[in-house]
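A.B. asks: structure for this input, please:
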Amino acid sequence: MISNEDYKDLQTILPVLNTSAKVRGCVIAVTTASARTNVASLIPGIAAGEIYDGQYFDFTADGGNIYLAQTNGDAGSLDETATGAGATVAGGVIFNGQTKPYKFTSGYTWLVLKGSGNCNLRIALSSISQNSTLGSSAKDF
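C.D. replies: Coordinates of the predicted model:
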């Protein structure tokens, strides 16, 4: 039997339009050079602790494959050809046109990204918070 918390995790929402008060998604340009981006600087609610607590984000690769890893600061690089368990090994890949759900780990708001070519990573809030009721909290959307 699925728990209530697991059921809430599965409740995805359509992307919600950004407003001046709340940013719920962003697009990051990705190139063939490994680069770092602090997603909390693009979606301020993440830094404020308002919208990452138990919520999923859809990550979509648009225009090329995207290799990625999550980190807690402005450091690190990726090598998509690296093997083993070294610091440059890409922890994940999103293939062109594919969407994958991710959660941000508390304190780990930086992404290290590298593309197979010039492309975009589209990020959109896609679930409600486990810790609130729909519509009654900033954590919802």
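A.B. asks: next SSE downstream of the lowest-mean-pLDDT helix or strand in the chain?
C.D. replies: Ranking every helix and strand in the chain by mean pLDDT, DSSP states H and E puts helix 4-10 at the bottom, with a mean of 55. Downstream of helix 4-10, the first helix or strand assigned by DSSP states H and E is strand 25-30.
A.B. asks: strand partners (parallel or antiparallel) of whichever helix or strand comes after that next one?
C.D. replies: Next helix or strand after strand 25-30 toward the C-terminus (DSSP H and E): strand 35-38. Strand 35-38 sits in its sheet next to strand 110-115 (antiparallel), going by DSSP bridges.
A.B. asks: quick one: work out the angle between the partner strand and strand 25-30.
C.D. replies: 50 degrees (axes from the mean of the first three to the mean of the last three Cα atoms, to 10 degrees).
A.B. asks: other SSEs contacting the helix or strand following strand 110-115?
C.D. replies: Where DSSP H and E defines the elements, the next helix or strand beyond strand 110-115 is strand 119-125. Where contact means 3 or more Cβ pairs under 8 Å, 6 or more residues apart in numbering; DSSP states H and E, strand 119-125 is packed against strand 25-30, strand 57-62, strand 66-71. C-beta here means a position set from N, CA and C on the backbone, and glycine is covered the same way.
A.B. asks: one more pass at 10 Å, please.
C.D. replies: The helices and strands touching strand 119-125, judged by 3 or more Cβ pairs under 10 Å, 6 or more residues apart in numbering; DSSP states H and E, are strand 25-30, helix 39-42, strand 57-62, strand 66-71, strand 99-102, strand 110-115.
A.B. asks: weakest of those by average pLDDT?
C.D. replies: Note on these: lowest mean pLDDT is at helix 39-42, with a mean of 87.
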